[in-house]
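Undergrad: Next input, structure requested:
(one chain, ligands or ions: 2)
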Amino acid sequence: NDATLDSVHDALRAYWGYETLRPMQESAIRASLDGRDSLVVLPTGGGKSLCYQLPALMRDGYDVVVSPLISLMKDQVDGLIASGVPAVAVHSGMSPEEQDAALHAVESGDVRLLFSAPERLLTSKMRSLLARTKPNAIVIDEAHCISHWGHDFRPEYRRLTDLKSVVPDAAWHAFTATATAQVRDDIAQQLGLRDAVTLVGDCDRPNLIYRVLPRVDARGQLLEAVNRHEHEAVIVYCLSRNDTEKTAGWLKARGVEAAAYHAGLSPNVRQRVQDRFMQERLQVVCATVAFGMGVDRSNVRCVVHMAMPKSIEHYQQEAGRAGRDSLEAECLLLYSSADVLSWRRLMTRSAQEAGEESMPEHQSELLERMRRFCSSMRCRHAQLAEYFDQTLDQERCGACDVCLGESVAVEDAPVIAQKILSAVARLNSSFGAAHVIDVLKGSRKEKLTRYGHDRLSVYGLMKGEAVPVLHSYIDQLCDLGALERTPGDRPVLRLTGESSRFLKGEPETVLRRPNVAETRSGRERSR
Ligand code: ADP
Ligand code: ZN
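TA: Residues are numbered from 1 along each chain as shown. Ligands and ions are numbered 1, 2, ... in the order given. Okay, here's the model as predicted:
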């Protein structure tokens, strides 16, 4: 009723200093105050935390918030306490005394919010505490972790339903930033939500400019992006710890304030990087995706992915760290079809280590959807919206490489495909991309004359094209299935079952022209 809404707004002003609730927040808060179960899907930056923090203040007793990461819990509790909201966390990073003090505070009725990781909540000590103190609600943050179909499955989330019998009267609220309809249904079913209020926010982030570019010269392309955002915050996602350090070092050597950030660094070093980034004394952080969460800032103007993430959900979440202040920001993804192979290799290895024969089918599916997103020439905003079962209103978003006309299809793609495939055929599908390119460029390298490859009809057939452009075309042809790379460390290019179609000049072939000239000037520009 109105009185409750008034006090909601009073609390909003008093504790958070905000004037209004966003529409989705208002509905979520109402569902909670009504004691209904709910499932809320809001993009990163959509304001999920307020949806479960505020209702807890409106009533006696407390709510439990299940969160997968200690760092997230700590940030939230610190923030809440700073604004005067009594909140505690219990996690493995605390001493037994600290944990006891926190639980004592819960028991005495002094706290409104208790944060915990799922496995801790399921211990017998916690169960009996919950049974005695009867929380009003169980809030599941990052609820997609419960679903096999999601991108971050955590088995311990499945066991949370054990708590149903411990606190039968509590309402359940599931929150997630990214969920396809399939994951949504799975969450509701797995958690046994009853007649849940389901709220799905618009997942499009119109202030984000998505650029998915063929990776022709990764560092040059990165530096160009960093230069576009001089004195602004940039997060660079790398696949390995080693990559973060090398990339940061390379940027530093070019006068950019950059630092690496990953789980292998000492807590002190990490804290210093985090602090410098937060205090805007550091421009660029090169982080591993597994660990980038700690370097969150609402005014990140650019997020760069040096390689393709393993799912669209991951991509949306990571790229979503840009522009949380709603101002324009750029998300640059440097893509090569080789990324797909790397992921397959990694996932297969970890599946085998877990005693499986091959990578799980759904991982393969998520990877394939991500690959299609990168290799297609359709509006990025529209593709992302579709993936999450939504549609965009406008035809052209004006905020992606495709709609901005930056990704241009080459006109003679069928002929280019024919030339490259002919070269691979003449080389008996036994050489790597670099050699194929040497032949097409008409290189004078000794290796070519030794093999007699300078006498092939395809020798020098594509003299005029730059090497990175040819690499990109080969890459794109692999994506189209016209060619494939053999697995292993020294991949060889070979023809596929589809190749003959392309060799005949498949008219539907679409190839993108990589922007190499601009990349070069970016690399050579000094700061
Ligand atoms: P999420 O958890 O969905 O990623 P957050 O809860 O971190 O989002 O909120 C994102 C940003 O939006 C934060 O900076 C937060 O302070 C701000 N915010 C949330 N709700 C409101 C509101 N009603 N009015 C103004 N700012 C808000
Ligand atoms: Zn677009």
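Undergrad: Strands of the stretch 251-400 of the chain, residue ranges please.
TA: Secondary structure of the stretch 251-400 of the chain (DSSP state E, counting those that start in this stretch): strands at 258-261, 284-288, 300-305, 329-335.
Undergrad: Select, out of the ones you listed, the one closest to ligand 2.
TA: Of all those, the one in closest proximity to ligand 2, counting by CB to the ion, is strand 329-335 (12.2 Å). Using the backbone N, CA and C atoms, a C-beta is placed for each residue, glycine as well.
Undergrad: For the closest one, which helices and strands make contact with it?
TA: Other elements packing on strand 329-335 under the criterion 3 or more CB pairs under 8 Å, 6 or more residues apart in numbering; DSSP states H and E are strand 208-214, helix 218-228, strand 300-305, helix 312-319, helix 361-375.
Undergrad: For the first one, which helices and strands make contact with it?
TA: What it means is strand 208-214. strand 329-335, helix 380-387, helix 467-479.
Undergrad: before we move on, back to that, out of the strands of the stretch 251-400 of the chain, nearest to Gln76?
TA: When the strands of the stretch 251-400 of the chain are ranked by proximity to Gln76, the top entry is strand 300-305, at 19.2 Å, counting by CB to CB.
Undergrad: How about the closest one, which residues are buried there?
TA: Of all the residues in strand 300-305, those buried under the rule 16 or more other CB atoms under 10 Å are Val300, Arg301, Cys302, Val303, Val304, His305.
Undergrad: which ones are touching the third one?
TA: Under the criterion of CB atoms under 8 Å, 6 or more residues apart in numbering, the neighbours of Cys302 are 225-226, 228-229, 232-235, 322, 329-332.
Undergrad: Get me the contact residues on the stretch 301-450 of the chain for ligand 2.
TA: Residues of the stretch 301-450 of the chain lying near ligand 2 by CB under 5 Å from the ion: Cys379, His381, Cys397, Cys400, Cys403.
Undergrad: pLDDT score assigned to the residue nearest to Val408 when sequence neighbours are not counted?
TA: By the measure of CB to CB, 6 or more residues apart in numbering, the closest residue to Val408 outside its immediate chain neighbours is Arg513, 5.2 Å from it. pLDDT, Arg513: 87.
Undergrad: Test my guess that Arg513 contacts Gly405.
TA: No: taking CB atoms under 8 Å as the definition, Arg513 is not a contact partner of Gly405, at 11.8 Å.
Undergrad: Looking at those two, which one has more neighbours?
TA: Comparing Arg513 with Gly405 by neighbour count (other CB atoms under 10 Å), the higher total belongs to Arg513, at 16 against 8.
Undergrad: List the contacts of the more buried one.
TA: Under the criterion of CB under 8 Å, 6+ apart, the neighbours of Arg513 are Val408, Ala409, Val410, Val469.
Undergrad: just Gly294 next, same as before
TA: Taking CB under 8 Å, 6+ apart as the definition, contacts of Gly294 comprise Ser71, Tyr261, Arg270, Gln274.
Undergrad: Next one: it from ligand 1, what distance?
TA: Distance, Gly294 to ligand 1, using CB to the nearest ligand atom, to the nearest Å: 14 Å.
Undergrad: what does the stretch 51-200 of the chain put close to ligand 1?
TA: Residues of the stretch 51-200 of the chain found near ligand 1, taking CB under 6 Å from any ligand atom as the criterion, are absent altogether.
Undergrad: for the stretch 51-200 of the chain, what spans make up the strands?
TA: Applying DSSP E, counting those that start in this stretch to the stretch 51-200 of the chain gives strands spanning 63-66, 87-90, 113-116, 137-140, 171-176, 197-200.
Undergrad: For the ones you listed, give me CSV that also has distance to Val212.
TA: Shown next, in CSV, are the strands of the stretch 51-200 of the chain (distance: least, CB to CB, whole Å):
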stretch, distance to Val212
strand 63-66, 34
strand 87-90, 38
strand 113-116, 36
strand 137-140, 32
strand 171-176, 24
strand 197-200, 25
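Undergrad: Rounded mean pLDDT for stretch 354-373, please.
TA: Looking at stretch 354-373 alone, the average pLDDT works out to 91.
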